[in-house]
Structures are given as C-alpha cells and as structure tokens.
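Asks: coords please:
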Amino acid sequence: MNTGAISMRYARALLMFANEAGVADQVYQEALTLRKSYRQVPELKTTMEKPVMTLENKRKVLQQAAGGRITPQMQKFFDLVLQEKREKYLVGINQAYIDLYRKQEKIRVGKLTTAVPIAPEEVERIRQIVVSHSGGTAEFVTKVDPKIEGGFIFEINTYRLNASVADQMRRIKQQFIEKNRRIV
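Replies: Residues are numbered from 1 along each chain as shown. Predicted structure coming up:
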C-alpha cells in the first residue's frame, strides 16, 4: 500500500476537520510539537507501533507528545488513527498536515545559517523582508555553523543564497586552479 497516499488522505481529512472547527492553527502548533517529540525521542515511533500497548496508553502517549492539553479535534484524530491501526503512518500524516497547512496559509519556511549567533532583531528583519516580497508569512530556523567561517547561507523553499566566506574561498580556489591549467 502506498504510504504517501495514506498519509496525505488522513492529513487532508485532519485539515478539513480543523478548518471547519476553526482550530487549524492550534492543530498546526500541536503537529509541530508532535514532530519535535518524534525527532527528540526516536523510540516514540517504535513504541506507538507495538501491538501489546493498549489503545488508551497510546492515546496518552500521543497526547503528551503533542503538548499535553490538545484540541478535541486532534484527540479525535488520534482516536481515528488508533482505531484504524494506522499508527505506523502517523509521522507521515503529521508531516503531510504541516505541509498542507503551510501551503494553505502561505507560510514560507526558511533557514539561516551563520558562523556566529545572530541577534533576534536581525532574524526578524530578514523575516520581514521575505514576508514583504512573497506575501503570506515566514518561519525561520537559525543555525550556527563555524565551518562557513563568516557570512551566511540563506535558504527558503527552493531558493538558496550562499554568501559564506567558505564558499567564496572555494570559488577563488577553483578560479585559481582553472587559470593555472590554461597556463600549463
């Protein structure tokens, strides 16, 4: 069976259900928390797939992984997934919901990598520039990577701007090698 089709079908249903109830943004936050829990605790996925674990215990685990107090819509969704024995698809369903919600709300996801930590005001300024040019909203993840030596790498959707010192040095080195090949 195609896991992508199953995940997308359930995610669309959850988005419709959440939109009808007017809580799609809250469910989105819960989905982000659940994704974070799955990433931080890799054993969560295998635990949820164990057939010996009771449905009630699985409900409690999912509720805690999604942030504790969750919307009734998310709780009903968990109940449906557990009832239909689709726990193994939950990671994919959750990610599909996040993607669908972002598309619906025109949320751009960006990543800013710098050599040293950057002030939150600068991140907000960059976010505002992206919002003004693309419409919708933007979410940013910042990362510090000393390997880039200076400058920054900015990624949003399929666009990537590499203005790092390491990349500039690599380009200069490549140009130098190319120039010297012509001389020999």
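
Asks: so where does Asn162 fall, helix or strand?
Replies: If you go by DSSP states H and E, Asn162 is part of strand 159-164.

Asks: elements contacting whichever helix or strand comes after that strand?
Replies: Using DSSP H and E, the helix or strand that follows strand 159-164 in sequence is helix 165-183. Secondary-structure packing of helix 165-183 (3 or more C-beta pairs under 8 Å, 6 or more residues apart in numbering; DSSP states H and E): strand 151-156. No exception for glycine: its C-beta is placed from N, CA and C like everyone else's.

Asks: quick check: angle from the strand it packs on to strand 159-164?
Replies: Angle, strand 151-156 to strand 159-164, by axes from the mean of the first three to the mean of the last three C-alpha atoms, to 10 degrees: 170 degrees.

Asks: where does this structure dip in pLDDT?
Replies: Where the chain drops to pLDDT under 70, the residues are 1-3, 182-184.

Asks: can you list the domains in it?
Replies: Structural domains assigned to the chain are 3-103, 107-183, following automatic domain parsing.

Asks: turn these into CSV, including mean neighbour count.
Replies: Listed next are the domains of the chain as CSV, based on neighbours: other C-beta atoms under 10 Å:
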stretch, mean neighbour count
domain 3-103, 16
domain 107-183, 13
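
Asks: what does the strand holding Asn162 rub up against?
Replies: Thr113, Ala115, Ile148, Glu149, Gly150, Gly151, Phe152, Ile153, Phe154, Glu155 (C-beta atoms under 8 Å, 6 or more residues apart in numbering).

Asks: closest to Leu100 among these?
Replies: Minimum distance to Leu100 across those is 21.1 Å, recorded for Glu155 (C-beta to C-beta).

Asks: what residues does that closest one make contact with?
Replies: Gly110, Lys111, Leu112, Thr113, Leu161.

Asks: 6 Å instead, please
Replies: Counting by C-beta atoms under 6 Å, 6 or more residues apart in numbering, Glu155 touches Lys111.

Asks: could you do Leu55 as well?
Replies: Leu55 makes contact with Leu82, according to C-beta under 6 Å, 6+ apart.

Asks: show me where the protein has helices.
Replies: 3-21, 24-40, 43-49, 55-65, 72-83, 90-105, 120-134, 165-183 (DSSP state H).

Asks: which residues does Val144 bridge with?
Replies: Taking DSSP bridges as the rule, Val144 bridges to Thr114.

Asks: distance of it from Met48?
Replies: Noted for Val144: a distance of 33 Å to Met48, by C-beta to C-beta, to the nearest Å.

Asks: swap in Arg86?
Replies: The value you get for Arg86 to Met48, if C-beta to C-beta is used, is 10 Å.

Asks: identify the residue nearest Thr113 in space, chain neighbours excluded?
Replies: Nearest residue to Thr113, sequence neighbours excluded (C-beta to C-beta, 6 or more residues apart in numbering): Ile153, at 4.2 Å.

Asks: ok, now which ones touch the one you found?
Replies: Thr113, Asn162, Ser164.
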